[in-house]
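> Just need the structure, nothing else, for what follows:
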Amino acid sequence: KKKVVRLQITTQDILIYLKDSSGVANTPISHKDLLGSNWKLLQKKQANKKGSNTVHQYNLHYYFVKKSWFGCGEAEEKQRSHKEVHLYVYNCDEAVLDSWNTLLYRIIHHEFPQTISTSSPSSSSSPNSVGLLNHPQLFSAIPQRCFLVFVNPVSGKRKAFKVWKKTVEPMLKQANIKVEVIVTEYAFHAKEYIANPDNSLSQYHCILTVGGDGILYEVINGAMLRPDAETIMHQVPIVPIPGGTGNGLSRSILYTIKEDPSPVNAVFNVVKGKSFPFDLSRIETMKDGKTHYAFLMLSWGLISDIDIHSETLRFLGEMRLYVYAVYFILQRRIYRGKLRMKLLPETTITDSDITSKVSINKLIPSDIVQEDNWVLLDGEFVLCCILQASHLTKSMHFGPGIRLNDGAFTVYVAQAVSRLQMINILLSGDSGGHIYSRSIRVFQCSEYELEPLTANGVYSLDGEVVEYGPVRGRVLPSAARVRLMDA
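Here you go, the predicted model:
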């Protein structure tokens, strides 16, 4: 067996010096991979027993990137895999072990950027006696982080509760984060709880949703009903953990930091990340006079038909979308309507998934331009998709180049297209290649008004059904917060 004889903590990594019969060698653990540390008491010293010791187990939890391979030797996904280092510490005061937790927390989160080297914790009651540099701020109290977690057990394939128990809860415990969990019991349970002003939210460092985009939609719309909505939305990040079908915002967040989509990677980002602004939108449905707040998209036509009507096949997960895509492409439904947009200045879309830059709002035809940068599209529509995030689902990169806080709607419109062109749009939409299609028109705007003239239709707002009829939307720049690691 190998024995830990020394630890060295630097600004880049932790070096673990292991001794065996061949000598001493070091193993580095990068701070970028370290999630947290904790300890537990294994054995308490018995006063009347000779040779008895107090023994603690000190644990380092880290998550290495592990590649899974597919096809002809090409990497398919990069998922993080959990590893642990256990240090068995004898006759050590627990205050010393707490000081190690404090030290590691500050270095992991870049709160103390100096190189520190020390031996392992020893039997002493003073943190400084273990060789740590004498910096008062190093050991100043760290507020106990507390997360509020909503779990939707019926989301998608009904795997969200399993994701919570097997992944989310253990990882938060490893990071020394206190949690209060609410497993939703009925529709709009999360919205009702969040909207209730008697339920204080200011004590939470983050709100997590485990499920699909629906539970996140509930939490955001509930928070916006509170009298302290502006304060909460700017102080408490709201972050989704994928456990449903679509998981569009979770995928978009992980794509931003170049992490592959998975619950493990999502929780790792939440624990390690910092507060980061993202846009919402205010959506008004004119028929019923209601106001909704969205973060992902409003779709009308082909995309909304697929999204909403496929709900009967939720047990298939994301596969349900492909099944219904075939059905609605064969039907080739046409919708008449009017779309007015307040265009933003000309811009260029760039993204690692697309091969060349694409200009937006350039050379707008004069016959659709109106005053004050408003333009009007009318006639027949096959699809209209108004996006605020890069991904609609785990695998559908329909909004290449969209950033979480770019202050814009990116609008995709397809009007006179054939069934073959519809197939090409959806297939290339997985990689973002549809942006090059001549069948698609792309705009960026800050406001829009959509008036459907076809009686039978459906809207999908972040995957939820809202009143069909005239609707208008406006971007709310940086209206909420998520958490993001450095890419």
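> Which helix in this protein has the most residues?
Looking across the chain with DSSP state H, the single longest helix is helix 94-108.
> The stretch 101-250 of the chain: helices as residue ranges?
Counting by DSSP state H, counting those that start in this stretch, one finds helices in the stretch 101-250 of the chain at the ranges 160-163, 169-174, 189-195, 213-223, 229-235, 248-256.
> re earlier: extract the C-alpha trace of the longest helix of the chain and format it as CSV.
Provided in CSV are the C-alpha atoms of helix 94-108 (Å, rounded to 0.1, in the frame of the first residue of the first chain):
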residue,chain,number,x,y,z
GLU,A,94,-10.9,19.2,14.3
ALA,A,95,-10.2,23.0,14.1
VAL,A,96,-7.1,22.1,12.1
LEU,A,97,-9.2,20.0,9.7
ASP,A,98,-11.7,22.8,9.3
SER,A,99,-8.8,25.2,8.5
TRP,A,100,-7.8,22.8,5.7
ASN,A,101,-11.3,23.0,4.3
THR,A,102,-11.1,26.8,4.5
LEU,A,103,-7.7,26.9,2.8
LEU,A,104,-8.8,24.6,-0.1
TYR,A,105,-12.0,26.5,-0.6
ARG,A,106,-10.2,29.8,-1.0
ILE,A,107,-7.6,28.4,-3.4
ILE,A,108,-10.2,26.5,-5.5
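> Skipping its backbone neighbours, what lies nearest residue 242 in space?
Nearest non-adjacent residue to residue 242, counting by C-beta to C-beta, 6 or more residues apart in numbering: residue 250, 4.5 Å away. Where you see a C-beta, it was placed from the backbone N, CA and C, and this is true even at glycine.
> Just to check, the one you found is in contact with residue 238?
No: counting by C-beta atoms under 8 Å, residue 250 sits too far from residue 238 to count as a contact (11.5 Å).
> ok, and which of the helices of the stretch 101-250 of the chain has the densest surroundings?
Neighbour counts (mean count of other C-beta atoms under 10 Å) averaged over each of the helices of the stretch 101-250 of the chain peak at helix 248-256, with a mean of 26.
> Run the angle between that helix and helix 213-223 for me.
For helix 248-256 against helix 213-223, the angle by axes from the mean of the first three to the mean of the last three C-alpha atoms, to 10 degrees is 100 degrees.
> Residues touching helix 248-256, excluding its own?
Residues from elsewhere that reach helix 248-256 (C-beta atoms under 8 Å, 6 or more residues apart in numbering): 213, 216, 239-242, 260-261, 265-266, 269, 295-297, 389-394, 396-397, 399, 402-404, 462-463, 482, 484, 487.
> mind checking how far the residue nearest to residue 242 is from residue 450?
Going from residue 250 to residue 450 by C-beta to C-beta, to the nearest Å gives 27 Å.
> so what secondary structure elements neighbour the helix or strand encompassing residue 267?
Assigned by DSSP states H and E, residue 267 falls within helix 263-272. Packing contacts for helix 263-272, counted by 3 or more C-beta pairs under 8 Å, 6 or more residues apart in numbering; DSSP states H and E, involve strand 34-43, strand 74-90, helix 169-174, strand 206-211, strand 238-242, helix 248-256, strand 471-484.
> In the first one, which residues are buried?
Taking 16 or more other C-beta atoms under 10 Å as the basis for neighbour counts, the residues of strand 34-43 that come out buried are 34, 35, 36, 37, 38, 39.
> cool, and the shortest one?
Using 16+ other C-beta under 10 Å as the test for burial, strand 238-242 gives 238, 239, 240, 241, 242.
> Isn't the fourth one up against residue 264?
By that I understand residue 241. No: in terms of C-beta under 8 Å, residue 241 does not count as a neighbour of residue 264; the distance is 9.7 Å.
> Give the full set of residues in contact with residue 175.
35, 36, 61, 145, 271.
> State the pair within the residues you listed that is farthest apart.
61 and 145 (15.2 Å; C-beta to C-beta).
> ok, those two, which is more surrounded?
Shown here are residue 61 and residue 145; by other C-beta atoms under 10 Å, residue 61 has more neighbours (21 against 16).
> Quick one: residues contacting residue 168.
Contacts of residue 168 by C-beta under 8 Å, 6+ apart are 149, 208, 210, 241, 263, 267.
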